[in-house]
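>>> Here is the input, now give the coordinates:
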Amino acid sequence: MSRDALVVGINTYTHLPGLNAPAGDAEAIAQHLETYGGFQVRRLPPYADPFADNAQRVARNAEVSLPQLRQALVNLFKPESRQVPETALLYFSGHGIRDTVGVAEGYLATSDVNPQQEFFGLSLRWLRRLLAESEVRQQVIWLDCCYSGEILNVEEAYPGEGRDRCFIAASRDFEVAYEEVGSARSVLTAALLEGLQPGRYGDRPINNTLLTDHINQSLSGATQRSVCYNSGSPILLTSPWVAPKPAVIPGDRSEDCPYKGLNFFDCNDHDPQYFFGRQRLVDKLLDEVRLKPGTASNFLAIVGASGSGKSSVLRAGLLHQLKRGQRLQGSDTWDIRLFLPGEHPLQSLAQVFVDESAIRTDLERQNQLKLAEEMILDGAAGLQRWMKGKPETFRLVLAIDQFEEVFTLCQQPAEREQFFALLMEALAAMPTQLCIVLAMRADFVGKCFEQAYSGLATQVQAHLVPVIPMTRAELTDAICEPARRAHLTLEAELVQQLLTDVERSPGNLPLLQYTLTELWKQRQDNTLQLRTYAQLGGVTGTLEQRADTVYASLTPPQQATARHIFINLTQLGEGTEDTRRRVFQSSLVNYQHPEVTVATVIKRLADENLIVTNELVSKATGERQAVVDVAHEALIRHWKQLRKWLDENRDLIRQQRKIEIAAEEWQAKGKTNAYLLSGRLLGDARIFQKQYGQTLPFSELATLFIHRSSSRHRQNRLGFFLLGILTPLGLTMIVV
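A predicted model of the protein is given here:
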């Protein structure tokens, strides 16, 4: 792999004050890159050291002209040879100049600059264009000079797919840079050399992500604020140059599982460090939400098949990078609100504006939720009021995961359309301050196009980014890199078999993660083995085998409750695949499945990572209620026992759900008689309860609903009967 570097350190200037640190800084960087990074380094200005066999060094008292620097950069990034380097690195230390007349522009000052004659040196705009046209795949730019953040100020700085980049600037575009007090080093270069020190991360090689993390942490309290930006895949910078076998990853035993089972990778402090294989897609998503003059960048639809990893890409990919603010300058100041639509998307949206950190009592939570709901009911005007007083750079990101729930769980078309209208109106009213990002299953995209939905259809069509199957190299990273981080060993044969099995079924990423998690649980000497993989049943068999084992371990009454739970956690598809369905734990309780049994089975299934539990806050009381969900839709698609239960009872389940929904509406309307069942609907419900109540029992609410409906029906019949008797008597009395 060819790795070239140009290291520039300019102390001497004709029309600017001379500097002390740049030449020494540049030489230290050059030697480090040669010794630990495998780079071929060219130095400017060059000097042959007679006391070291004429070895090349950075001259301390020589000059570098603009033509010299420009040509050296062309040779580095656009060489005449077709054999361009895989990695090209530029380090520059010296004066930086910013011209603010008319259009602000930054320059790298060469020795011959003369600001009095408006000659400023090498234009950073020119450098950006050179990088954009370069065929070098991995581009590294480190600028230790004043105003160097200007390198990131225009669109050319942010490549699309096919480029891996690392930009590190000593200061923001309006700031000067400094030398360390009491040191011969400048502030940035001292941090660079410290971050590149071999052994800093144990036996791990040092890449651009680790380096920029160190820079941000090291200089967080410095007078100047460094600016770091990474895109694409990680770029190896320095390490003892020993190429490891890609599949065999030795290390110490770790109790931290780097895989996620059926869960998604989230945007917390833990998961992103193990999220690999989607760097290029994440870069594309970041580019889509980047504020660009004259172009819309306030809506993004992440669309992929079930099992393609949409939630992980959204959370551990895009949102994590926005929170860090390294790949998208300033995004660490954005306000990100993440939610799922659920049955009532307007309420779910209001919930994310409740500040849980400031709540001490249930009453405070209830009051905050009430205010948030009033704001949401005011639509775009309510959100605009919430935005009032925020700085111009403020940006609100509404991230909506599992967007298909607005079609699968929300049963009220009017509420669904009101939700869409609010989002679209707010987007139009606040084009720079609001950004909407949604992730949804590909088979529900057509639902968005069935109506205009206040402009939603147009937005989805214009800003859809597909989550396509991972390449073999990306899958390898997703399997091997988390293991490397956790100091695990993977047998080479195991990796090859995993790749072969997953490539046959691209939608099996959740099954891959689940299988790797089970392999981790059964590791021997901290090694994940092919033999264990075969015993588990492979990628497609591990989950099913585990679900069957857990189900078989339950008592017969518990098995019946488990069947009841899984059926209720499945939303039957209408022209689409079946999906997950979150329910309140209390709704699973009925006379056949008492509260204690339901709680026991849910705990067992949750401990086995087959379902997940959470809490929601009741709108009415402010109290927390337990909710239950399947760990992933892969369980619905691949567990044959569950598929059998669903297919045998599909029509009956639909009938049961209609009655359950009617009961919920009755409860929501205050249990008034006007919403009770009557006529044929009541008759059908009573027949269903009598014939199928044992296999598909109603919830306690639906049971009460049918009972009240029947009582009301009997009262009405009695009233009609009495009226039929008394009316003739009344007529007789009148005649007499």
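
>>> Identify the residues contacting residue 482.
258, 259, 274, 276 (Cβ atoms under 8 Å, 6 or more residues apart in numbering). Every C-beta, even on glycine, is put in place using the N, C-alpha and C of the backbone.

>>> per-residue pLDDT, the third one?
If I follow you right, that is residue 274. Looking at residue 274, its pLDDT is 94.

>>> Hmm, residue 268 and it touching each other?
No. In this structure residue 274 lies outside contact range of residue 268 using Cβ atoms under 8 Å: 11.3 Å.

>>> can you pull out the strands in the stretch 351-500 of the chain?
396-400, 434-441, 464-466, 489-490 (DSSP state E, counting those that start in this stretch).

>>> I meant the stretch 151-300 of the chain, not that one.
Going by DSSP E, counting those that start in this stretch, the stretch 151-300 of the chain shows strands at 164-169, 206-207, 227-231, 236-238, 299-304.

>>> Export the ones you listed to TSV and append columns for mean pLDDT.
Output for the strands of the stretch 151-300 of the chain, formatted as TSV (pLDDT from 0 to 100):
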stretch	mean pLDDT
strand 164-169	91
strand 206-207	88
strand 227-231	88
strand 236-238	86
strand 299-304	95
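
>>> Output the ones you listed as CSV; include the columns distance to residue 566.
Formatted as CSV, the strands of the stretch 151-300 of the chain follow (distance: least, Cβ to Cβ, whole Å):
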stretch, distance to residue 566
strand 164-169, 44
strand 206-207, 43
strand 227-231, 42
strand 236-238, 46
strand 299-304, 25
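
>>> will you turn those into JSON lines that also has distance to residue 693 and mean neighbour count?
JSON lines is the format used below for the strands of the stretch 151-300 of the chain (distance: least, Cβ to Cβ, whole Å; neighbours: other Cβ atoms under 10 Å):
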{"stretch": "strand 164-169", "distance to residue 693": "61", "mean neighbour count": "25"}
{"stretch": "strand 206-207", "distance to residue 693": "61", "mean neighbour count": "20"}
{"stretch": "strand 227-231", "distance to residue 693": "59", "mean neighbour count": "25"}
{"stretch": "strand 236-238", "distance to residue 693": "64", "mean neighbour count": "22"}
{"stretch": "strand 299-304", "distance to residue 693": "40", "mean neighbour count": "23"}
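
>>> Of those strands, which is nearest residue 501?
strand 299-304 (20.0 Å; Cβ to Cβ).

>>> is it true that residue 638 touches residue 546?
No. Counting by Cβ under 8 Å, residue 638 stays clear of residue 546, with 11.0 Å between them.

>>> Settle it for me: which of these two has more neighbours?
residue 638 (23 against 20; other Cβ atoms under 10 Å).

>>> ok, that one to residue 214 distance?
42 Å (Cβ to Cβ, to the nearest Å).

>>> For the residue nearest the centre of the chain, list the residues it contacts.
Centroid check for the chain by Cα atoms, centre = their mean gives residue 315 as the closest residue, at 1.8 Å. Counting by Cβ under 8 Å, 6+ apart, residue 315 touches 264, 265, 266, 267, 271, 338, 401.

>>> residue boundaries of the helices in the stretch 451-600 of the chain?
456-462, 472-485, 492-504, 509-521, 530-536, 538-552, 556-568, 595-607 (DSSP state H, counting those that start in this stretch).

>>> For the contacts of residue 315, pick the one with the most neighbours.
The contacts of residue 315, ranked by neighbours (other Cβ under 10 Å): first place residue 265, 26 neighbours.

>>> still on that earlier bit, can you pick out the residue with more neighbours from residue 274 and residue 268?
Ranked by neighbour count (other Cβ under 10 Å), residue 274 and residue 268 place residue 274 first, with 19 against 10.

>>> ok, back up a step: reformat the strands of the stretch 351-500 of the chain into a markdown table and put mean neighbour count and mean pLDDT next to each item.
Output for the strands of the stretch 351-500 of the chain, formatted as a markdown table (neighbours: other Cβ atoms under 10 Å; pLDDT from 0 to 100):
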| stretch | mean neighbour count | mean pLDDT |
| --- | --- | --- |
| strand 396-400 | 21 | 95 |
| strand 434-441 | 24 | 95 |
| strand 464-466 | 16 | 95 |
| strand 489-490 | 23 | 91 |
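
>>> out of those strands, nearest to residue 137?
Between these, strand 464-466 lies closest to residue 137; by Cβ to Cβ that is 22.0 Å.

>>> Would you mind listing the residues in contact with residue 463?
288, 296, 299, 300, 301.

>>> which one is it nearest to, not counting chain neighbours?
residue 299 (4.8 Å; Cβ to Cβ, 6 or more residues apart in numbering).

>>> do the same with residue 461
Nearest to residue 461 is residue 449, by Cβ to Cβ, 6+ apart, at 7.4 Å.

>>> Repeat that for residue 59.
residue 47 (3.6 Å).

>>> residue contacts, that neighbour?
By Cβ under 8 Å, 6+ apart, the residues touching residue 47 are 56, 57, 58, 59, 60, 62.

>>> Work out for me the element the fifth one sits within.
Taking DSSP states H and E as the definition, residue 60 sits outside all helices and strands.

>>> what's the answer for the second one, then?
Here residue 57 sits within strand 55-58, counting by DSSP H and E.

>>> buried residues in stretch 379-393?
379, 380, 382, 383, 384, 387 (16 or more other Cβ atoms under 10 Å).

>>> Looking at these, spot the one nearest residue 524.
Using Cβ to Cβ, the buried residues of stretch 379-393 come closest to residue 524 at residue 383, 55.0 Å.

>>> Number of residues surrounding the nearest residue to that closest one once chain neighbours are set aside?
Leaving aside its sequence neighbours, residue 383 sits nearest to residue 426 (Cβ to Cβ, 6+ apart; 4.8 Å). When counting by other Cβ under 10 Å, one arrives at 23 neighbours for residue 426.

>>> thinking again about what came up before, which one, of the helices of the stretch 451-600 of the chain, ends up nearest to residue 149?
Using Cβ to Cβ, those put helix 472-485 closest to residue 149, at 30.4 Å.

>>> how about the closest one: buried residues?
Result for helix 472-485 [16+ other Cβ under 10 Å]: buried residues 474, 475, 476, 477, 478, 479, 480, 481, 482, 483, 484, 485.

>>> among the buried residues of stretch 379-393, which are in helices?
Among the buried residues of stretch 379-393, the subset assigned to helices under DSSP state H consists of 380, 382, 383, 384, 387.

>>> which one of these is nearest residue 118?
residue 387 (42.0 Å).

>>> Give me the number of neighbouring residues for the spatially closest residue to the closest one that is not a sequence neighbour.
In this structure, residue 387 finds its nearest non-sequential neighbour in residue 433, 5.7 Å apart by Cβ to Cβ, 6+ apart. Residues lying near residue 433 (other Cβ under 10 Å) number 20.

>>> Check residue 91 too.
Residues near residue 91, counting by other Cβ under 10 Å: 24.

>>> which SS state does it fall under?
Three-state assignment for residue 91 (DSSP: H, G, I helix; E, B strand; the rest coil): strand.
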